[in-house]
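Undergrad: Predicted model and sequence below, questions to follow.
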Amino acid sequence: MAAVVTKFTEQAILLGPRRTLVGVIARPRVAPDPALPAVVILNTGIVHRVGHNRMYVTLSRMLAAAGRVTVRFDQSGLGDSGPRNDRLAPLAAGLADIKEALDSVEKTYQVSRFVLIGLCSGADQCVLYGHTDPRVVGLVIMDPTIPPTRRYYVHYIVRRLSHVQNWISVLTGRSGLMRMVSAQLLHRLRPAEKSRPATLQDLQFSPYLGKSYAASAALGMKLLAAFTALSPRHAYARQILDAFPEVSSGGTLQLQYFPDSDHLFSAAHDRARLYRVIIDWLAVHWAADGRRTNA
Amino acid sequence: MNLLSLGSAQRRLFAIHEAAAATSRAPRAAVLCYPWGAEYTYAHRSMRQLALKLALSGCHTLRFDYFGTGDSGGDESDADVAGCESDVEAAMEALTDIAGTPQVTLIGLRAGANIAAAVAARHASIVEALVLWDPIVPELRSLPGALPRRTAMFVTDRTESRDRLVELGFAGGTRPATIEFVPTQSPWLESATMTGVLPVSVIQRVIEWLR
């Protein structure tokens, strides 16, 4: 640990115009090329910036030790951050928080490009925000929301056929599958303008999600998508390609599957592999060399 | 809210101080001791709310991450009980400086309650009150000294009776002056982050008891 500690510094910071967003910045002691994108890690659900199993602390320190400025922060109302003083809906507020955090980091630490990292709801926010801000050049999304595809339903049904409880749920009207199909039909029947997501909960069937992926691909945004076997959100590794064929256009997508991992990367060896995949992916697209001495 | 860095360069601790709101009483001070592991992750929201409400009631609060946990320095493998106890002592020293109070209250949740109890048993002259929130009761048997006279234990899970809890944790030793069941959602369980529900009744009860 001592050898790693000497390679970076860490500091708690307040971000945003009202300085209400609490974050921690990890920076290499030897300053990186300012053209390198800074990495910004978003909240997972309502868990604070440390992340499950302290994964974002470890990841940010490893990235800083590898030469990258890394920020993890709490969006408004989460972790230690205060609430916003406007009346934005939760999803819009979360996206506004990302912009304000990036503005602060850009201004204070002289970086102009960013890579966003998120798990679960954090991944969805990466996708929804990334294409709207030209400073964002890459996304690392872990178990994002993917709409159910035909193959998903086949996987889902086969997996549950063997359980008596699932048959009882269908017969008593409490089937998750039936609820999902109903929700999907409902969203298809809605007028297009009403299907923009008001919340992350209805994102699964919203055309807005597909448009966000398409816009990211059209911009040439680099995308690392990691999926775990036990995610409640998808059933097979290539579901993202079936749901959003356009994301693979231009060769900017790297798909990574963690067949033994749960949704939160609870096992240390799964987290270690995840860190390595992210570090290597960043190195392929933005090599951390040509450093200069930090002021 | 003041973001602080406590401890030494080798043992850097991340801490947050909430200043006491002005009240008619003299300001008080409380150090909050987090649980460990996954329980820390799930309980963070509740501990923050407790800190904010205590500050509004006129109590300076300091909550911090033990070395090797949360935003503090070190790896997870660096965290141990003795180190956590020394971190609480560092937090107590910092808070008495900040608040200008000679004594502090220790409030701990789960493993944090056990750590707070051990520190309180060693520093009777500095710890004026101790709150044990859902402690790991059997582990309280091996404290290095007596509990402070003003000690309360609040329990959200009513699996064990009061007598059984006393037998498990305090047989032959001093027992908390107050032992109360406050049935509510346990904030250190994963369900706390799934539902987003805060244990308001415990937070209110802790503040009332400290008045």
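TA: On my side now, so go ahead. Quick caveat: nothing in here was measured; it's all calculated off a predicted structure.
Undergrad: The residue nearest to residue A:288 when sequence neighbours are not counted and residue A:7, how far apart?
TA: Closest residue to residue A:288 apart from its sequence neighbours, by C-beta to C-beta, 6 or more residues apart in numbering or on different chains: residue A:67 at 3.4 Å. For glycine as for every other residue, the C-beta is placed from the backbone atoms N, C-alpha and C. With distances taken as C-beta to C-beta, to the nearest Å, residue A:67 is found 9 Å from residue A:7.
Undergrad: Looking at the two, which has the bigger crowd around it?
TA: The neighbour count for residue A:67 versus residue A:7, taken as other C-beta atoms under 10 Å in any protein chain shown, is higher for residue A:67 (24 against 16).
Undergrad: Helix or strand for the more buried one, just tell me which one.
TA: If you go by DSSP states H and E, residue A:67 is not part of any helix or strand.
Undergrad: quick one: it and residue A:31 touch, right?
TA: No. Applying C-beta atoms under 8 Å as the test, residue A:67 and residue A:31 come out as separate, 9.0 Å apart.
Undergrad: Give the residues shared as contacts by residue A:67 and residue A:7.
TA: Jointly contacting residue A:67 and residue A:7 under the rule C-beta atoms under 8 Å, 6 or more residues apart in numbering or on different chains are A:28, A:30.
Undergrad: where does whatever residue of chain B ends up closest to chain A land in three-state SS?
TA: Using C-beta to the nearest C-beta, residue B:3 is the residue of chain B that sits closest to chain A, at 4.1 Å. Secondary structure for residue B:3, judged by DSSP: H, G, I helix; E, B strand; the rest coil, is strand.
Undergrad: So it sits against residue A:22, correct?
TA: Yes. Counting by C-beta under 8 Å, residue B:3 touches residue A:22, with 7.0 Å between them.
Undergrad: what about the two, which has more around it?
TA: The neighbour count for residue B:3 versus residue A:22, taken as other C-beta under 10 Å, is higher for residue A:22 (25 against 17).
Undergrad: Who are the contact partners of the more buried one?
TA: By C-beta under 8 Å, 6+ apart, the contact set of residue A:22 is A:12-15, A:49, A:73-74, A:79-81, B:1, B:3.
Undergrad: how much space is there between whichever residue of chain A sits closest to chain B and residue A:31?
TA: Chain B sits closest to residue A:12 of chain A, with a gap of 4.1 Å, by C-beta to the nearest C-beta. According to C-beta to C-beta, residue A:12 and residue A:31 sit 20 Å apart.
Undergrad: Check residue B:152 too.
TA: In terms of C-beta to C-beta, residue B:152 sits 51 Å off from residue A:31.
Undergrad: contacts for stretch B:93-102?
TA: Here stretch B:93-102 makes contact (C-beta under 8 Å, 6+ apart) with B:4, B:6, B:15, B:17, B:20, B:26-31, B:60, B:62, B:103-104, B:126.
Undergrad: For chain B, list the residues in contact with chain A, please.
TA: Within chain B, the positions near chain A by C-beta under 8 Å from any C-beta of the partner chain are B:1, B:3, B:5, B:12, B:14, B:16, B:38, B:41-42, B:44-45, B:48, B:65, B:69-71, B:73-76, B:78, B:193, B:196.
Undergrad: Can you tell me which of those residues end up in helices?
TA: Those of these mapping onto helices are B:38, B:41-42, B:44-45, B:48, B:193, per DSSP state H.
Undergrad: Go through the residues you listed and name the one nearest residue B:136.
TA: residue B:38 (14.3 Å; C-beta to C-beta).
Undergrad: Would you quantify the distance from the closest one to residue A:104?
TA: Counting by C-beta to C-beta, the gap from residue B:38 to residue A:104 is 31 Å.
Undergrad: And these two? Which one has more around it.
TA: Comparing residue B:38 with residue A:104 by other C-beta under 10 Å, the one with more neighbours is residue A:104, at 20 against 15.
Undergrad: circling back: grab the two from the contacts of stretch B:93-102 that are most spread out in space.
TA: B:6 and B:26 (24.2 Å).
Undergrad: At which residues are the helices of the stretch 101-250 of chain A located?
TA: Ranges of helices in the stretch 101-250 of chain A, per DSSP state H, counting those that start in this stretch, are A:121-130, A:150-161, A:164-171, A:176-189, A:207-218, A:239-243.
Undergrad: go on, chain B?
TA: Ranges of helices within chain B are B:37-56, B:81-99, B:111-122, B:162-170, B:191-195, B:200-210, based on DSSP H.
Undergrad: packing partners for the third one?
TA: With contacts defined as 3 or more C-beta pairs under 8 Å, 6 or more residues apart in numbering or on different chains; DSSP states H and E, the secondary structure elements packing on helix B:111-122 are strand B:28-33, helix B:81-99, strand B:104-109, strand B:127-133, strand B:151-155.
Undergrad: From the contact counts, what lies against the last one?
TA: Using 3+ C-beta pairs under 8 Å, 6+ apart as the contact test, the elements touching strand B:151-155 are helix B:111-122, strand B:127-133, strand B:178-181, helix B:200-210.
Undergrad: what bridges to residue A:257?
TA: Beta-bridge partners recorded for residue A:257 (DSSP bridges): residue A:227.
Undergrad: Now for it: which residues touch it?
TA: Per C-beta under 8 Å, 6+ apart, neighbours of residue A:257: A:226-227, A:229, A:237.
Undergrad: and if you look at residue A:9?
TA: A:26-27, A:29, A:64.
Undergrad: what's the pLDDT at the residue sitting nearest the centre point of chain B?
TA: Nearest to the mean C-alpha position of chain B, by C-alpha atoms, centre = their mean, lies residue B:108 at 2.1 Å. We have a pLDDT of 98 for residue B:108.
Undergrad: residues touching it, list them.
TA: Residue B:108 touches B:32-33, B:114-117, B:130-133, B:135, counting by C-beta under 8 Å, 6+ apart.
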